[in-house]
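Asker: What shape does this take:
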Amino acid sequence: MGSQNFLQVVLKNFDVLALPLVTLVYPLYASIKAIETRSSSDDQQWLTYWVLYSMITLFELTFSKVIEWFPIWPYAKLIVSCWLVLPHFNGAAYVYKHVIRPFYMNPQSATSTIWYVPRKKNIFRKPDDILTAAEKYIEEHGTGEFQRMITKAEKEERLRRSNNYMIFDDDYMY
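Answerer: Numbering: from 1, shown residues only. All right, here's what the predicted structure looks like:
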């Protein structure tokens with residue numbers, strides 16, 4: 001009679017008992033083991049797993065009140081966690097290869113397929129204004145004059161610092 005009650009309690013709370021083992025204990029062991037090997041594939045598997053585990057945890061913390069309405073959530077999380085963790089499936093590596101890596105390698109195309117983000121045209125093709133101005137100054141006045149201008153600015157900065165001026169004193173006219 002006592003062993004039957006114990007078995008009922010274990011079966012009723014299977015998700016509570018199995019989830020920490022699947023999501024934390026085994027991945028921790030496998031991560032330490034992966035650190036000690038020279039293979040990069042197991043490193044990728046476990047780094048990706050921990051990123052996905054963090055995202056799932058953040059999702060749970062953010063939407064905890066909504067998740068409470070779904071009694072199947074702990075079991076779904078256990079199944080997804082098993083898929084991500086177990087070496088037979090290598091789910092975390094699959095997610096990395098088919099979702100994370102394509103997004104990371106080309107974020108513009110990935111975001112355009114997920115949602116529309118309006119962008120300015122040629123925003124990344126326009127050269128930096130400071131570099132453009134410096135190149136234009138060098139073309140017009142030469143490198144010697146550019147170097148003298150930098151030296152003069154550095155001297156003024158040292159003088160300003162040695163006289164204990166406030167940083168913003170020279171920015172405003174009183």
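
Asker: shaky segments in this protein?
Answerer: Within the chain, the set of residues satisfying pLDDT under 70 comprises 1-2, 107-129, 163-174.

Asker: swap the cut-off to 50 and go again
Answerer: Applying pLDDT under 50 to the chain picks out residues 169, 171-174.

Asker: quick one, longest helix in it?
Answerer: For the chain, the longest helix by residue count, based on DSSP state H, is helix 40-62.

Asker: So which other helices or strands are in contact with it?
Answerer: Helix 40-62 sits against helix 26-36, helix 73-85, helix 91-95, with contacts defined as 3 or more Cβ pairs under 8 Å, 6 or more residues apart in numbering; DSSP states H and E. For the C-beta atoms, the positions are set from N, CA and C on the backbone; glycine is no exception.

Asker: among these, which is nearest M55?
Answerer: Nearest to M55 among the helices and strands packed on helix 40-62 is helix 91-95; the distance by Cβ to Cβ comes to 10.1 Å.

Asker: Only alpha carbons, please: show whichever helix or strand comes after the closest one as CSV.
Answerer: The helix or strand immediately downstream of helix 91-95 is helix 101-105, counting by DSSP states H and E. The C-alpha trace of helix 101-105 is given here as CSV (Å, rounded to 0.1, in the frame of the first residue of the first chain):
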residue,chain,number,x,y,z
ARG,A,101,23.2,31.0,-37.3
PRO,A,102,21.3,32.2,-40.3
PHE,A,103,19.9,35.1,-38.3
TYR,A,104,23.4,36.0,-36.9
MET,A,105,25.1,35.7,-40.3
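
Asker: could you dump the helices and strands packed on helix 40-62 to TSV with distance to L52 and mean neighbour count?
Answerer: Shown next, in TSV, are the helices and strands packed on helix 40-62 (distance: least, Cβ to Cβ, whole Å; neighbours: other Cβ atoms under 10 Å):
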stretch	distance to L52	mean neighbour count
helix 26-36	10	13
helix 73-85	6	17
helix 91-95	6	18
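
Asker: Buried residues, stretch 43-57. List them.
Answerer: 44-46, 48-49, 52-53 (16 or more other Cβ atoms under 10 Å).

Asker: Redo these as a markdown table? Include distance to I67.
Answerer: Output for these, formatted as a markdown table (distance: Cβ to Cβ, whole Å):
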| residue | distance to I67 |
| --- | --- |
| Q44 | 29 |
| Q45 | 27 |
| W46 | 26 |
| T48 | 23 |
| Y49 | 21 |
| L52 | 17 |
| Y53 | 16 |
